[in-house]
Structures are given as structure tokens and as C-alpha cells.
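Novice: I need the structure of the sequence given here:
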Amino acid sequence: MDKILNINAKFCFCAAFLLFLSFSATSQRLSASYLAYIDRYKELAIRHQQEFGIPASITLAQGLLESRAGRSYLAQRGNNHFGIKCHNWQGQRVEFDDTLRHTCYRQYGSAEDSFLDHARFLKGKRYSRLYSLKVTDYKGWAQGLKDCGYAEDPAYPQKLTALIEQYELHKFDSNQPSVAKHETLEPDENIGHSNAVAESPERTILRSADKIHKIHRKWRLHYVKAAEGDTFQSIASEFDIADEELLDYNDATADMEIPAGTYIFLEKKQLQCHSKKWHKVKPGETLWQIAQQNGIRLRSLLSLNHLRVDAHLEPGTKLALH
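Specialist: The predicted structure is shown next:
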């Protein structure tokens, strides 16, 4: 009997341990900055749901997506989390002026003011039919925002839904204590939202005023330098590039780790390097790293030097770049 109990105890311990590992792995996939943003603004989102009828999950997901969890330039510089443009705005402004465009956005005294203007924007006639949906129908709201013209990105509903489900934002839509009474919020026709605009690849790459990474240009190519913790998925999302495209541009796979300082190209690399003929191999360098350092496609580097991708590199070896 004691032996059976001992076996059962060991089984329960193993099951609990595996459950813990599973939970830990799931937690590690969640962004710390996203969790911090949710914790900071969840009560405001709940209050706006109770006051104005906008699902808290939708408010939070839009804030996360459009401000990159409060890390975008516009959010940090102007407390503007939803891309609200000036349009007869008499207050302070955040203006972007470059060779491609001039755009003016509202600068708020607090993020809460930005959230309130977001609510006013969604109370406009264009979005009136959304309020016939239940506040717990986040999928209906996500699709409805797209159908009403909130965003031109065809994947916008899926992006909102994915955020809501990954971070369980739908739990804020129901069973919450009452913190506010319903209020009538008059829409403001002067509020304009910055929708995504179809642009050429060149214009999209250079449209960087609200990006986290600084864009560099070398070898006729645009690239960023990876920061600690970056992934190809996070960089692709930041610059509105499909994951598969960014991976192809950089001869990479989705599970590759990116050392800080690595050049990540935002367009397809060249077949040869035009600035120098040779690269002298340093200790520990890989063929992929050398290709990234010189803006050349990996398969071109291999072909030019008659090498296999798993070739051993001796320090001091000279590799042809064109």
C-alpha cells in the first residue's frame, strides 16, 4: 500500500512539474512591455467600457498595436496612443517633416486625454453600428472596425483578435466591478485618425518617424541595428513587413537569435558588395554574419567562394565579395 501511495505521489509531483514548465514556457512568450502596458491602462479601458460602451479589450488591443505598447515615438513624445491628427487642434503638436511628407499629430498632456479622444472618435456616425454588438463580442468589434474604415490593413481584425486572445484581454470585458456610470460622449468631427496608407516600398521604409529603431542606409540598402531581445517577428511587425519577407531579406529562419548590433535589412540584399572586394575572416565569424556585415546575399557569398553553408572558416581567410 505504501509503495502504491509513493508511486502516486511521484506521479502527482511529475504532473505538477510538467504543468509548471508549460505555464512558464507560455509566460515567456508574452512581452513584458505589453504586460506592463495592460496593467497600466486596464482600469482606464474598463471605465471607458462602462461609460461609453467600447469593449475594454478593444481599447487595450488598439493601444498596444498602434502605440507598440506605448513605445512609439508618438506615444512617448506626445502621449498620443492612437495616431490622432491635429485637424483644428489648438493645443501642442507633434510634427513630422521630412522629404516625403508633413504630418501633424495632437500632443496630449497625458495618455488619458489620448484615450478619451479615441473614445470620441469611435462615437462618430461611421462606427454607430458597432454599438449594437455586445461588449463581449470582441471578434465582431475587431471586424466591424475594419468594415467601418478604421484601418486599411486587411489583417487588422486578426491582429486585434490575436492580441486579445494571447493576452486574455477579453477577461476585462465581463464580470468587472462597476467603477463608472454610462455617459453620453459627444463625437468630435475634428478628430482624424491616421490610417495606413498604401505606399511604395521606398516610401514605406523611409516613413520612420514613429519607429523604435533608427533606420540606417549603406550599400544602397536600408537596415536597422538589432537591440537586445529583438526578434525577426518584432522587427517585421514594427516596420509592417511580413515575417516571411524579412526572413528572406536576411537569409534567416524564424528561430534564429539575433545578437545585439546585428544588421537587419529591410529590403533584399545585393548579389555582391560594391564597396569592397574582400572580407578577412575574424575568429568566431560565421558565413551568415559576414553576409550581414557586407549586405550580400548568403547564397551569393557561398557561390563566389565555392563554399558550402556549413564550411569551416579559418581566421585570416580572405573571402571574395564580388
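Novice: Touching stretch 307-322 from outside, list them.
Specialist: The contact list for stretch 307-322 (Cβ atoms under 8 Å, 6 or more residues apart in numbering) reads 272-274, 276-283, 285-287, 290, 294, 296, 298, 301-302, 304-305. C-betas here are computed from N, CA, C, even on glycine.
Novice: element containing Leu145, please.
Specialist: Using DSSP states H and E, Leu145 sits in helix 138-147.
Novice: Helix or strand next in line after the helix or strand of the chain with the lowest mean pLDDT, which one?
Specialist: Across the helices and strands of the chain, mean pLDDT, DSSP states H and E gives its lowest value to helix 201-206, namely a mean of 40. Sequence order places strand 216-218 as the next helix or strand after helix 201-206, per DSSP H and E.
Novice: Tell me the strands beside that following strand, with direction?
Specialist: Paired with strand 216-218 in the same sheet, following DSSP bridges, are strand 221-225 (antiparallel).
Novice: Send over the helix or strand following the partner strand as PDB, restricted to the C-alpha atoms.
Specialist: Per DSSP H and E, strand 221-225 leads on to helix 232-238 as the next helix or strand towards the C-terminus. C-alpha atoms of helix 232-238 as PDB (Å, rounded to 0.1, in the frame of the first residue of the first chain):
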ATOM      1  CA  PHE A 232      12.700  38.900 -36.600                       C
ATOM      2  CA  GLN A 233       9.000  38.900 -35.700                       C
ATOM      3  CA  SER A 234       9.200  42.000 -33.600                       C
ATOM      4  CA  ILE A 235      11.200  43.900 -36.200                       C
ATOM      5  CA  ALA A 236       8.800  42.800 -39.000                       C
ATOM      6  CA  SER A 237       5.800  44.000 -37.000                       C
ATOM      7  CA  GLU A 238       7.500  47.300 -36.300                       C
END
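Novice: re the thing from before, can you select the buried ones from the contacts of stretch 307-322 in PyMOL?
Specialist: A single PyMOL command selects the buried members of these (16 or more other Cβ atoms under 10 Å):
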select buried, resi 272+273+279+281+285+287+290+294+296+298+301+302+304+305
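Novice: Which segments of the protein make up each domain?
Specialist: Domain ranges of the chain: 32-193, 201-320, per automatic domain parsing.
Novice: any idea which of those domains is most buried?
Specialist: domain 32-193 (a mean of 17; mean count of other Cβ atoms under 10 Å).
Novice: Now do that domain: distance to the chain's middle.
Specialist: Offset of domain 32-193 from its chain centre (Cα atoms, centre = their mean, to the nearest Å): 16 Å.
Novice: Could you pull out the helices in the protein for me?
Specialist: Applying DSSP state H to the chain gives helices spanning 2-28, 32-52, 56-67, 73-78, 111-122, 138-147, 156-166, 201-206, 232-238, 243-249, 287-293, 298-305.
Novice: Ser132: which of those is closest?
Specialist: Among the helices of the chain, helix 138-147 comes nearest to Ser132, with 9.4 Å by Cβ to Cβ.
Novice: contacts for that closest one?
Specialist: 55, 57-58, 61, 127, 129-130, 133-134, 151, 153-154, 156-158, 160-161, 164, 169-170, 173.
Novice: How about stretch 267-284?
Specialist: By Cβ under 8 Å, 6+ apart, stretch 267-284 touches 201, 205, 219-222, 248-251, 290-291, 293-297, 300, 304, 313-322.
Novice: Kindly state the beta-bridge partners for Trp278.
Specialist: Applying DSSP bridges, one finds that Trp278 bridges with Ala320.
Novice: Which pLDDT does the model give it?
Specialist: Turning to Trp278, the model gives it a pLDDT of 90.
Novice: try Ser194
Specialist: 64.
Novice: Name the spans of the stretch 101-250 of the chain whose pLDDT lies under the cut-off.
Specialist: 101-102, 188-190, 192-212, 240 (pLDDT under 70).
Novice: again, only using 50
Specialist: 195-211 (pLDDT under 50).
Novice: what angle sits between the helix holding Leu145 and helix 156-166?
Specialist: 150 degrees (axes from the mean of the first three to the mean of the last three Cα atoms, to 10 degrees).
Novice: follow-up on the earlier one: to Ile191, which of the helices of the chain lies closest?
Specialist: helix 111-122 (4.7 Å).
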